[in-house]
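Asks: the following block contains a protein sequence and its predicted model.
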Amino acid sequence: MELVANPSCNTSTIQPYEPTSQNLWDTSKVNHVFRRLGFGASQNDIDAALAMTPGDFVDNLLDTAANLPPTPAPPWGYWSYNDFTDYAIENNQYKHDWRIQTGNDIISDNFRGRMAFFWMNHFVTEVEVYGHCSYMYQYYSAIQTSSLGNFREFTRTIGTNSAMLLYLNGFENTSLNPNENYARELFELFTLGEGNGYTQEDILETARALTGYNHWNDYGDVVFFDPSTFDNGEKTIFGQTGFWGYDDVIDVLFQERSNEIAFYICEKIYRFFVSPEVDTAIEQDIILPLANTLIANDFELVPMLKQLFKSEHFFDERALGVTIKSPYDFIFNYLTETGFYYDDNLMEAFIYYAGLMGQEMYDPLDVSGWQRDETWINASTLTGRWQLVELYLGFLFDNGLEGTLVDFARDLSNDSIDPYYITQVVIDRLMSKQLHSITDYDIATDIFKWEVPQNYYDNGLWNLNWPSAPYQVFLLLKHVATIPEFQLK
């Protein structure tokens with residue numbers, strides 16, 4: 001199976017998309033928004049979106065996300081070692097619990113969940129490195145509350161987060177023993193891009209300015225600034241000389257390199273939400289205007305995001321179905337779009353299987369994060385996706401929920417008795433685009449018809465109330481998961 005995006009043919013502009021008789025505002029475009037900006041949608045949500053203009057729909061989606069309250073802190077959210085009764089057992093349990101909470105947040109928070117997960121793959125940490133459940137929560141809280149705010153202040157906040165200070169060695173960075181790790185990643189991965197607008201001397205001087213965050217009152221307590229380990233000498237960063245400290249670094253960085261930062265972040269957002277491939281025309285016609293909007297709004301993220309997601313370019317037919325679903329896309333889109341049952345126990349299983357398929361929550365492979373798209377698919381992870389769907393559907397069967405499979409097909413088809421039509425609407429509900437040929441639908445229909453004699457269909461005797469119907473829908477849904485296009489969003 002070869003899944004390749006070809007975005008260079010998308011020549012639509014950054015101007016707002018206005019529907020026409022040749023370029024309709026339809027279900028495929030609504031699903032495109034929900035799948036890229038969230039993890040799919042129910043039919044009721046789709047119908048509500050179709051009743052709005054594209055611009056109003058995007059505004060409503062982003063404004064709702066920006067105004068969501070943060071997830072409340074768990075009781076242990078700021079505990080240090082001495083607050084635990086049995087640290088080893090409780091700490092592991094709370095990390096486990098918070099993964100489940102995060103999974104539930106991401107799928108239910110829609111665009112805020114999507115953005116939080118995006119930033120967790122930008123301002124990367126690994127819980128296996130810093131280890132402490134309270135830091136895990138505090139890191140997530142910082143990401144969640146800043147994900148649709150001001151990028152400069154987001155950058156400022158995340159650098160003194162205890163999880164980040166331990167992960168990228170800021171905790172070890174003192175005036176007597178400077179550590180360059182965070183300073184390097186601040187420029188290379190978080191704001192500018194590798195080799196873009198900074199020198200080794202800038203890194204060295206920045207590391208000196210970031211010293212002092214080296215103390216806690218107890219293991220696992222919040223890390224705080226200690227003037228005694230801070231390098232209070234003069235530093236020169238991006239040509240600016242002063243007795244710089246942490247806040248000064250962020251101020252100087254965004255003053256002196258605002259163009260580079262804005263372009264880098266907008267390009268990364270474009271690659272994630274629109275297409276992984278960027279050519280020169282897209283850089284000039286799409287990303288540069290987005291960067292200008294970000295700067296004009298003092299690095300507030302929402303105006304730039306609205307400009308992108310309302311654009312002709314984002315809604316172009318050639319932008320639909322050209323990126324490969326991540327493991328969490330694959331799982332969460334399926335849950336949302338089918339409406340099938342899940343609970344915390346199943347969420348635990350989904351998180352486990354997402355890890356097996358290459359996306360372990362809170363533990364990307366390294367500081368550069370998951371590289372996405374083609375890296376998600378190989379012989380092992382692809383068959384793992386198929387097996388997960390089969391296991392999940394089998395769970396529904398084994399627990400008396402097989403009727404929900406039939407309800408899904410019945411609702412989509414208006415209780416049709418035509419196996420071809422039922423097959424078509426089920427497939428089209430779960431795909432970004434229709435299948436390439438009638439033959440593809442015919443093959444799926446034959447699978448759905450199973451062993452029921454053809455004359456029962458010909459004579460209108462079969463219907464979705466038949467005892468075999470749940471298993472027939474099971475076979476169809478199992479097959480859909482193996483169709484190459486099902487891996488795309």
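Replies: Cool, got the structure. Residues are numbered from 1 along each chain as shown.
Asks: can you get me a residue count around His96?
Replies: 12 (other C-beta atoms under 10 Å). Heads up, the C-betas are built off the backbone N, CA and C, glycines and all.
Asks: pLDDT score for the closest residue to it other than its chain neighbours?
Replies: If the residues on either side of it in the chain are set aside, His96 comes closest to Glu348, at 7.7 Å by C-beta to C-beta, 6 or more residues apart in numbering. Among the per-residue scores, Glu348 holds a pLDDT of 98.
Asks: that's a helix at Glu348, yeah?
Replies: Yes. The assignment for Glu348 is a helix, going by DSSP: H, G, I helix; E, B strand; the rest coil.
Asks: now for it: which residues touch it?
Replies: For Glu348, the contacting residues are His96, Arg99, Ile100, taking C-beta atoms under 8 Å, 6 or more residues apart in numbering as the criterion.
Asks: again, but for Leu435
Replies: The contact partners of Leu435, taken as C-beta under 8 Å, 6+ apart, are Ile427, Tyr441, Ile483, Glu485.
Asks: of the contacts of Glu348, which belong to helices?
Replies: Counting by DSSP state H, the members of those that fall within helices are His96, Arg99, Ile100.
Asks: need those in JSON lines with distance to Leu204, can you?
Replies: Conversion of the ones in helices among the contacts of Glu348 to JSON lines gives the following (distance: C-beta to C-beta, whole Å):
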{"residue": "His96", "distance to Leu204": "40"}
{"residue": "Arg99", "distance to Leu204": "37"}
{"residue": "Ile100", "distance to Leu204": "42"}
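Asks: from those, pick the one nearest Tyr362.
Replies: Sorting those by how near they are to Tyr362, with C-beta to C-beta, puts Arg99 at the top with 6.6 Å.
Asks: any low-confidence regions in the stretch 251-400 of the chain?
Replies: The stretch 251-400 of the chain contains no residues with pLDDT under 70.
Asks: circling back to that earlier point, mind putting the contacts of Glu348 into a markdown table with distance to Met431 and pLDDT?
Replies: Rendered in a markdown table, the data for the contacts of Glu348 read as follows (distance: C-beta to C-beta, whole Å; pLDDT from 0 to 100):
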| residue | distance to Met431 | pLDDT |
| --- | --- | --- |
| His96 | 34 | 98 |
| Arg99 | 30 | 98 |
| Ile100 | 29 | 98 |
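Asks: closest one of these to Thr160?
Replies: Relative to Thr160, the closest of the contacts of Glu348 is Arg99; by C-beta to C-beta it sits at 24.1 Å.
Asks: how about the closest one, what does it touch?
Replies: Counted by C-beta under 8 Å, 6+ apart, Arg99 has contacts Glu348, Ile351, Met361, Tyr362.
Asks: the last one against Met136, yeah?
Replies: Yes. At 6.4 Å, Tyr362 and Met136 qualify as touching, with contact defined as C-beta atoms under 8 Å.
Asks: okay, and the common contacts of those two?
Replies: Shared between the contact lists of Tyr362 and Met136 (criterion: C-beta under 8 Å, 6+ apart) are residues Lys95, Val127.
Asks: in the stretch 51-200 of the chain, which spans are strands?
Replies: According to DSSP state E, counting those that start in this stretch, the stretch 51-200 of the chain carries no segments that qualify as strands.
Asks: now the helices: where do they sit in it?
Replies: Listed from the start of the chain, the stretch 51-200 of the chain has helices (DSSP state H, counting those that start in this stretch) covering 54-66, 87-108, 111-120, 127-130, 133-146, 151-159, 162-167, 181-185, 200-209.
Asks: JSON lines please, covering those helices and showing distance to Leu388.
Replies: Rendered in JSON lines, the data for these read as follows (distance: least, C-beta to C-beta, whole Å):
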{"stretch": "helix 54-66", "distance to Leu388": "28"}
{"stretch": "helix 87-108", "distance to Leu388": "14"}
{"stretch": "helix 111-120", "distance to Leu388": "19"}
{"stretch": "helix 127-130", "distance to Leu388": "23"}
{"stretch": "helix 133-146", "distance to Leu388": "25"}
{"stretch": "helix 151-159", "distance to Leu388": "32"}
{"stretch": "helix 162-167", "distance to Leu388": "29"}
{"stretch": "helix 181-185", "distance to Leu388": "33"}
{"stretch": "helix 200-209", "distance to Leu388": "43"}
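Asks: and Gln43, which of those is closest to it?
Replies: Go through these one by one with C-beta to C-beta and the one that ends up closest to Gln43 is helix 54-66, at 15.6 Å.
Asks: just the contacts of Leu435 now: which is nearest Ala409?
Replies: Distances from Ala409 to the contacts of Leu435, taken as C-beta to C-beta, are shortest for Ile427 (11.0 Å).
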